[in-house]
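Asks: need coordinates for the below:
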Amino acid sequence: MSVPSRIGMTASCACGNVELTAIGAPIVSNVCYCGDCRQGSLQIEALSNAGLVRNPDGGTAYILFRRDRIECSKGASLLKGYKLRESSVTNRVVATCCSSAMFMNFDKGPYWVSAYRTRFQGDLPPLQMRICTKYKSPDVVLSDDVPSYQGYPLRLVAKLLASGVAMLLRR
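Replies: So this is what the prediction gives:
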């Protein structure tokens, strides 16, 4: 695997039995307010001994990596995926040892993994955007420290597409 090693990040569950390793620069660091992310976070937070998944403003913070640049380096057998509906193509993956939300992925298709930002240690990439803000609670006032978008901005779509092309070209 020819992956740039200039940036490496580690995420772990609350008890340390599960660890993710990400290599290379993330695609984006964002907070999502969509209904599925909100509902998925509530589903995980309802698990026994689970911590908070959502930010105080109701958004769910992620760091997105190409699928070929993130892996479970410890405790893979402890991971369990949860679906919002049987027909959902997304899985919210939790460390069963301590009910820690680890990442969200897809059954097939998209080439990225959305890892829960709160699971990472060390220097985190700065937050770059807030998306799907039209679904946030009306009483939440977002700061203007990063751009906020009511839906999925072209900027995000372009980053995802560029990362997909780079992955296909093995760059």
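Asks: so the residue located most distally from the centre of the chain: helix, strand or coil?
Replies: Farthest-out residue of the chain from its mean C-alpha position, per Cα atoms, centre = their mean: residue 139, at 24.7 Å. Under DSSP: H, G, I helix; E, B strand; the rest coil, residue 139 falls in the coil class.
Asks: give me the pLDDT for it.
Replies: Predicted confidence (pLDDT) at residue 139: the value is 95.
Asks: please report the distance of it from residue 75.
Replies: As for residue 139, its distance to residue 75 is 39 Å (criterion: Cβ to Cβ, to the nearest Å). Quick note: C-beta positions are derived from backbone N, CA and C, even for glycine.
Asks: and the helix or strand hosting residue 158, average pLDDT?
Replies: Residue 158 belongs to helix 154-168 when elements are defined using DSSP states H and E. For helix 154-168, the per-residue pLDDT values average out at 91.
Asks: now do stretch 112-123
Replies: Averaging pLDDT residue by residue across stretch 112-123 gives 94.
Asks: how about the contacts made by residue 140?
Replies: If a contact means Cβ atoms under 8 Å, 6 or more residues apart in numbering, then residue 140 has 57-58 as its contacts.
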